[in-house]
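Visitor: please work out how this folds:
(one chain, ligands or ions: 1)
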Amino acid sequence: MDVFEAMEKRRSVRSFDAGREVAMELVEELLRCACQAPSAGNVQPWRFVVVRDAGLRVRLAEAALGQSFLAEAPVVIVVCADLAAHAASYGRRGVELYAVQDTAAAIENLLLCATALGLGACWVGAFREDEVTRALRLARDIRPLALVPVGYPAREEVQPRKMDCKRLTTYL
Ligand SMILES: Cc1cc2nc3c(=O)[nH]c(=O)nc-3n(C[C@H](O)[C@H](O)[C@H](O)COP(=O)(O)O)c2cc1C
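Guide: So this is what the prediction gives:
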């Protein structure tokens, strides 16, 4: 699958084929793709926690305001930013902006890779950060930015309406 097809086909997947595990090699491939993302100064502030433990997935679902599909996916990849990574070179802009932007780019790479591998995933951003930090025992500077459940899609998702780019673009 080329990148154009992956961009077209990528959908937020929230229901998963129960009982079908995701092989470790595929998880590693997702992370390898995530790590190919661009990064300010090539600092690469992204960090990942791969959660397979059922009890922890339930805690993540609770932290995510009851989004139960997080507990139903066989694996949840918690994508974090190391806020300290950019601090030395870029100060406040590095901490507040680059760390988040770099990590967001890594998340999108991961989602496109999941599509290309026939997996389903969803970028989940609505969660109580303090609860995720506690559940995963994250260090102080490690900020969880997205919970990404990954599994085999239970069904084909319909594309939601996308705005016409022409209406969102100004040419000068
Ligand atoms: C920053 C961000 C946060 C999101 N948070 C959630 C979320 O908490 N729960 C959820 O089900 N989907 C979440 N999504 C997925 C969006 O709902 C989804 O991308 C959007 O509806 C468009 O659908 P598509 O991804 O299939 O194109 C989030 C997406 C982004 C980029």
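Visitor: where exactly do the helices run in this protein?
Guide: Secondary structure of the chain by DSSP state H: the helices cover 3-9, 24-34, 54-63, 69-72, 87-93, 99-116, 129-136.
Visitor: what's the angle from the longest one to helix 24-34?
Guide: Here helix 99-116 points in a direction 130 degrees away from that of helix 24-34 (axes from the mean of the first three to the mean of the last three C-alpha atoms, to 10 degrees).
Visitor: and if you look at the third one?
Guide: Interaxial angle of helix 54-63 relative to helix 24-34 (the same axes, to 10 degrees): 40 degrees.
Visitor: for helix 54-63, the distance to its chain's centre please.
Guide: Between the centre of helix 54-63 and the centre of its host chain there is 16 Å, according to C-alpha atoms, centre = their mean, to the nearest Å.
Visitor: quick one: find the helix or strand in this protein with the lowest mean pLDDT.
Guide: One helix or strand of the chain scores below all others by mean pLDDT, DSSP states H and E: helix 87-93, with a mean of 92.
Visitor: if you tally nearby residues, what's the number for the closest residue to the ligand within the chain?
Guide: Nearest residue of the chain to the ligand, counting by C-beta to the nearest ligand atom: G125, 2.8 Å away. Backbone N, C-alpha and C define where each C-beta goes, glycine included. The tally of other residues near G125 (other C-beta atoms under 10 Å) stands at 12.
Visitor: I'd say it and P144 touch.
Guide: No - between G125 and P144 there is no contact under C-beta atoms under 8 Å: 9.9 Å.
Visitor: just want the angle from the strand ranked longest in the chain to helix 54-63.
Guide: Longest strand of the chain, by residue count under DSSP state E: strand 142-151. Angle between the axes of strand 142-151 and helix 54-63 is 110 degrees (criterion: the same axes, to 10 degrees).
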